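Engineer: Turn this into a structure:
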Amino acid sequence: MSDSHPSFLLVDGNNIIHAWPDLLSIFRRRKESARNELIKLLEAYQDFSHDRVVVVFDGRGLKRSEQRDPGGIQVIFSSGDSSADSIIERLAAGNAQKYRIVVATNDIPVQDAVVASGGEAISSDSLADRIEQGEKEMHRWLENRRRS
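Structural biologist: Residues are numbered from 1 along each chain as shown. Sure, this is the predicted structure:
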């Protein structure tokens, strides 16, 4: 797909939290704190990557909810009758022809469904690498700005 298409990163929130030891440790004590930490990391990633980021968590209640701060990432909580996986699969299938869709999850069936619909799938380790690389690029950019 050409670079002219906007790029979306869809993140399987709970899957990533459970894959990253630091976040899992927080999650075991306070689920909301782990979610907030992941959201903070993804907001920083969005700022320097120019990808639009959507993170999907398994539900908070009986109906699907969504939140977005101005300039922030989109956060979706599944409802009691759907899972984060099913929302991610539907978003990928419905948008992969219009946008570049990349899904971050270690869930193999979700990865397979995303790839079958025309999207790309990356692992939690690949997402961590992207975030780390982006932070390095941002620090280099800031350092160059300070020198000018």
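Engineer: Below-threshold pLDDT in the protein: ranges please.
Structural biologist: For the chain, the stretches flagged by pLDDT under 70 are 1-5, 60-71.
Engineer: Surely Asp58 is in contact with Asp81?
Structural biologist: No. In this structure, Asp58 is not within contact of Asp81 by C-beta atoms under 8 Å, at 11.9 Å. (Glycine included, C-beta is placed from N, CA and C.)
Engineer: higher neighbour count, these two?
Structural biologist: Each of Asp58 and Asp81 has its neighbours counted (other C-beta atoms under 10 Å); Asp58 has more, 17 against 10.
Engineer: Near the residue lying closest to the more buried one once chain neighbours are set aside, how many other residues are there?
Structural biologist: Nearest non-adjacent residue to Asp58, counting by C-beta to C-beta, 6 or more residues apart in numbering: Ala84, 4.7 Å away. Other residues near Ala84 come to 24 when the count uses other C-beta under 10 Å.
Engineer: That'll do, ta.
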